[in-house]
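**Student:** Got a sequence here, can you build the structure:
(one chain, ligands or ions: 1)
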Amino acid sequence: MQPDLQAMLADLRALVEIESPSTDPVAVSRVMDAVEGRAKGLGAVTHALPGGTRRFDFGVDGAGQPILVLTHADTVWPTGTLGTMPFRVEGDRVYGPGTYDMKAGIVGLLHALRALGGEWPRGGVQVLLTPDEEVGSHSSREAIEAAARGARAVLVVEPPVADTHALKVGRKGTGYFRLTFHGVASHAGNKPEEGASAITEAARAVLEVQALARPEVGTTVSVGLIRGGSAANVIPAECVFDVDVRVSTLAEADRVEAGVAALRPADPRVRLEVTGGLNRPPFERGPGTEALFKQAQAIARDLGFEVGGEVVGGGSDGNFTAPLAPTLDGLGAPGDGAHAAHEHVRLDRWPDHVRLLTRLLREV
Ligand SMILES: [Zn+2]
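**Tutor:** Numbers count the residues shown, from 1 in each chain. Now for the predicted structure:
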């Protein structure tokens, strides 16, 4: 049972050459149409869900809980990227925007489903194709969580860990805060005492916020963007900064959230406004994930290769499902360069991962 690499490449080319940045729902839906056509060809019953997510049911008959597979059609690449980063095969690598993250994951899944030859597992396979994973899944989260509640296992076809065969058995939770300081403007030379500097208060708060990090337990906090003031000779009335937070446990998310909420400007004339919070909860490596991983590891060994399992810092939609159903992530196409100009898939390793996914769909 060898996957047809030439057919996989042709399907990948078709999807990659429809550019689909998260910010362009019409473009994203063109990718969805292309995938839906192929899914129907394999016997799927297809549904359009609120929020722009599509669901493809393969042999879902209510006789048991289905296996849920998560995919997303959007990429981080703006329209026009193909001009400088065309789809191209070089040796054993295929390059192009969205190849590795995650259009090859979608294509590999379609070929794994084809390999089942119409013999669906007990309860069937339910595939979700979402439009906004790269920007936080705000419109698809509800559909993802609802599907996970009814699933016996969740397989995520995000790529394996970069340049390895390693699957993803846990992910940090991701949070985002925006802190806006409203001060009082005044002439910096004539009446500085009448002003209340938003920049001074923000500067203090940057250090206080970053002190909430606890890297020894996996919590990182980084102020990545700051802007404020209007001119050098004006006491600044406004300053804003954005914070990226990653946590390994919900307890840490609560601690950081409380720490941010407790911040108070030293100058009472400055008002602080906080928005944001935890976006994706941590995907903690639990017993359900562990069992799926052990099964994947045994299948890979049987197929003649070794897969590892790693906990990674970046989030995915697996973060939403892990608290609800056993979840294994990183079952897409191996390669490297997610969100980077050298994004590519390894053609020499890809068929093995499709065979692994086929066996999981059959045996989980
Ligand atoms: Zn992705």
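**Student:** Would you mind extracting the C-alpha trace of stretch 350-357 into PDB?
**Tutor:** Once non-C-alpha atoms are left out, stretch 350-357 reads as follows in PDB (Å, rounded to 0.1, in the frame of the first residue of the first chain):
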ATOM      1  CA  TRP A 350       5.900  12.300   3.200                       C
ATOM      2  CA  PRO A 351       4.500   8.900   2.000                       C
ATOM      3  CA  ASP A 352       5.500   7.200   5.300                       C
ATOM      4  CA  HIS A 353       3.500   9.700   7.200                       C
ATOM      5  CA  VAL A 354       0.500   9.200   5.000                       C
ATOM      6  CA  ARG A 355       0.700   5.400   5.600                       C
ATOM      7  CA  LEU A 356       0.900   6.100   9.400                       C
ATOM      8  CA  LEU A 357      -2.200   8.300   9.200                       C
END
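**Student:** Report the mean confidence score over stretch 158-169.
**Tutor:** Stretch 158-169 comes out with an average pLDDT of 96.
**Student:** Return the set of buried residues in it.
**Tutor:** Across stretch 158-169, burial judged by 16 or more other Cβ atoms under 10 Å covers 158-161, 165-169. Where you see a C-beta, it was placed from the backbone N, CA and C, and this is true even at glycine.
**Student:** Test my guess that Val245 contacts Asp254.
**Tutor:** No. Contact criterion Cβ atoms under 8 Å: Val245 and Asp254 do not qualify, at 11.7 Å.
**Student:** the more surrounded of those two?
**Tutor:** The residue with more neighbours, out of Val245 and Asp254, is Val245; 26 against 12, by other Cβ atoms under 10 Å.
**Student:** Unless I misread the structure, that one falls within a strand.
**Tutor:** Yes. Val245: assigned to a strand according to DSSP: H, G, I helix; E, B strand; the rest coil.
**Student:** Residue numbers of the chain in contact with the ion?
**Tutor:** Proximity of the chain to the ion, by Cβ under 5 Å from the ion, involves residues 101-102, 158.
**Student:** repeat that with 8 Å
**Tutor:** By Cβ under 8 Å from the ion, the residues of the chain that approach the ion are 72, 101-102, 105, 133-134, 158-159, 316, 338.
**Student:** Only whichever of those are buried, select them in ChimeraX.
**Tutor:** Those of the residues of the chain next to the ion that count as buried under 16+ other Cβ under 10 Å are selected in ChimeraX with:
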select :72,101,102,105,133,134,158,159,316,338
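**Student:** Mark which of the residues of the chain next to the ion are part of helices, please.
**Tutor:** Of these, the ones assigned to helices by DSSP state H are Gly105.
**Student:** quick revisit: and which of the buried residues of stretch 158-169 is nearest to the ion?
**Tutor:** Using Cβ to the ion, Glu158 comes nearest to the ion of these, at 4.8 Å.
**Student:** Alright, calling it a day.
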